[in-house]
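the following comprises the amino acid sequence and a computationally predicted model.
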Amino acid sequence: MIKFFRKIRYNLMEKNKTGKYFKYAIGEIVLVVIGILIALSINTWNENRKNKITEQDIYCKLLEDFNIDRQNIAKLSAEADYKINVAKKILLELPKKNKDKSYFIDNYIQALRTNAFIPSKVTISDITSSGKLNLIKNNELKTNLLRYYAELDNLLFQLSLGRSKILDRAFAYENDIDFGFQFADYAIKAIGQEVLDTLPEDKWELDSDSKIYRQFQDDLVFFIVMSDREKQHFSKIMNEMQLTYRHLISLCK
């Protein structure tokens, strides 16, 4: 094709047809420009198509992360309910003075056990670090998404603070042996009955005026309050998530 156009130019020049040659040259430039514009248009269309595919993939991956978080929150909320019920059960049984220490210690450990909520932030971390956030063309969704994750970080800090307070209180007894951690099922197996028989035992569970007894009650009440507070944080996360979650469902098709 190039040889063909070149031949035409040579013929026009040899025949001294300068006017026609310039017209032809202009026409050739126009054709080249049109070709470039078409190529750019095709390239732009192809890039837009790939960006739309990536954008759709982002929506679906974000939705997947949200679904994982919702499942984890439901599980942790149920665990918080369980801890509250266990703590209440111990508080009701304690004044009866008809349970041995191992019963109270084992249930106490169940009441203070707490698992951290670790949100699935793989997608949002990827799109913010790679610059793909700009591929989200829905500005309302983008705004809600950034606001949600900012609020989530604040709530995660509150949850972490609550867990730290619980653990600080749980092991704040002056003497672990007097308290009786050695009577927990897992501890008995680790220590062994022979060693256990050599350790002193404080019967604080039978003495309502005992300092350990009162601290034990106080801790259980604190665990109930903090577990309920944990549930409130989970509920707030779900509420903050809801608007963006519904939006993602409508976009991920």
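Here it is on my side, so go on. For clarity, every value in this text was computed on a predicted model and none was experimentally measured.

would you map the helices across the protein?
2-14, 18-93, 101-112, 122-129, 139-170, 176-179, 185-191, 193-196, 211-251 (DSSP state H).

quick one: low-confidence ranges for the stretch 51-200 of the chain?
The stretch 51-200 of the chain contains residues with pLDDT under 70 at 51.

again, only using 80
51, 114 (pLDDT under 80).

quick check: buried residues in stretch 67-81?
Asp69, Asn72, Ile73, Leu76, Ser77, Glu79, Ala80 (16 or more other Cβ atoms under 10 Å). No exception for glycine: its C-beta is placed from N, CA and C like everyone else's.

next: stretch 84-104.
Quick answer for stretch 84-104 (16+ other Cβ under 10 Å): Ile84, Val86, Ala87, Ile90, Leu94, Lys101, Phe104.

returning to what we had before: for Trp204, find the nearest of the helices of the chain.
For Trp204, the closest of the helices of the chain is helix 211-251, at 4.0 Å, according to Cβ to Cβ.

that closest one vs helix 139-170, what angle?
Orientation check (axes from the mean of the first three to the mean of the last three Cα atoms, to 10 degrees): helix 211-251 against helix 139-170 gives 170 degrees.

so which elements touch helix 211-251?
For helix 211-251, the elements it packs on are helix 18-93, helix 101-112, helix 139-170, helix 176-179, judged by 3 or more Cβ pairs under 8 Å, 6 or more residues apart in numbering; DSSP states H and E.

what's the offset of it from the middle of its chain?
Offset of helix 211-251 from its chain centre (Cα atoms, centre = their mean, to the nearest Å): 15 Å.

quick one: it to helix 101-112, angle?
With the same axes, to 10 degrees defining the directions, helix 211-251 sits at 30 degrees from helix 101-112.

quick one: average confidence on helix 211-251?
Per-residue pLDDT values across helix 211-251 average out to 95.

before we move on, the earlier item: adding distance to Gln182, write the buried residues of stretch 67-81 out as a markdown table.
Shown next, in a markdown table, are the buried residues of stretch 67-81 (distance: Cβ to Cβ, whole Å):
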| residue | distance to Gln182 |
| --- | --- |
| Asp69 | 39 |
| Asn72 | 34 |
| Ile73 | 36 |
| Leu76 | 30 |
| Ser77 | 33 |
| Glu79 | 26 |
| Ala80 | 28 |
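
determine which two of the buried residues of stretch 84-104 are furthest apart.
Spatial extent of these (Cβ to Cβ) is set by the pair Ile84 and Lys101 at 22.4 Å.

so which of the helices and strands packed on helix 211-251 is the most surrounded?
Among the helices and strands packed on helix 211-251, helix 101-112 has the highest mean neighbour count (mean count of other Cβ atoms under 10 Å), at a mean of 19.

other SSEs contacting it?
Helix 101-112 packs on helix 18-93, helix 139-170, helix 185-191, helix 211-251, going by 3+ Cβ pairs under 8 Å, 6+ apart.

could I get those helices in TSV, plus columns for distance to Pro200?
Listed next are those as TSV, based on distance: least, Cβ to Cβ, whole Å:
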stretch	distance to Pro200
helix 18-93	23
helix 139-170	22
helix 185-191	14
helix 211-251	13
